[in-house]
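Engineer: Okay, predicted coordinates and the sequence, questions at the end:
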Amino acid sequence: MKKMLLTAGFSMVLLLGACGGNEENSEEARVPGAGQASAEDGEAVYRASSCFSCHGADLEGASGPNLQEVGSRLDREQIRTIIVDGTNVMPGGMVEDPKDLDALVEWLSEQK
């Protein structure tokens, strides 16, 4: 029982940590090269938006699903919709800047 409560508590901490700390005006929150939507910047957006806290540093999955081959399973619009709207577990709106969103979608769609 303790193990289950500890696991549930840890999962909540990870989820809440991924949802917070995205202040738009903060210098630390800005992604280098965020004004350009390119796949190269997509990885930086992934890290700056804390996506890695649920999906893993190498997209291998953690509390969220594995994204290493997400481009093989979903097209760009499906990826964009999930990021914008979220899912039952994942909150939507984690990436609000349109150029950052474009870069992240491009980068994830190339993961095949």
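Structural biologist: Thanks, I have the structure now.

Engineer: Start and end of stretch 59-78, how far apart?
Structural biologist: This stretch, stretch 59-78, spans 17 Å end to end (CA to CA, to the nearest Å).

Engineer: Check which residues of it are buried.
Structural biologist: 59, 63, 64, 65, 67, 70, 71, 74 (16 or more other CB atoms under 10 Å). Backbone N, C-alpha and C define where each C-beta goes, glycine included.

Engineer: contacting residues for the last one?
Structural biologist: When contacts are counted by CB atoms under 8 Å, 6 or more residues apart in numbering, residue 74 is found next to 82, 109.

Engineer: Could you list the low-pLDDT ranges of this protein?
Structural biologist: Within the chain, the segments meeting pLDDT under 70 span 1-39.

Engineer: Please enumerate the helices of it.
Structural biologist: Listed in chain order, the helices of the chain (DSSP state H) span 2-19, 39-48, 52-55, 70-73, 76-85, 98-109.

Engineer: Can you tell me, leaving aside adjacent residues, what's nearest to residue 72?
Structural biologist: Nearest non-adjacent residue to residue 72, counting by CB to CB, 6 or more residues apart in numbering: residue 112, 4.6 Å away.

Engineer: these two touch, right, the one you found and residue 75?
Structural biologist: No - applying CB atoms under 8 Å as the test, residue 112 and residue 75 come out as separate, 11.8 Å apart.

Engineer: OK, contacts around the spatially closest residue to residue 101 that is not a sequence neighbour?
Structural biologist: The spatially closest residue to residue 101, leaving aside those adjacent along the chain, is residue 95, at 4.8 Å (CB to CB, 6+ apart). Taking CB under 8 Å, 6+ apart, we find residue 95 in contact with 45, 49, 83, 101, 104.
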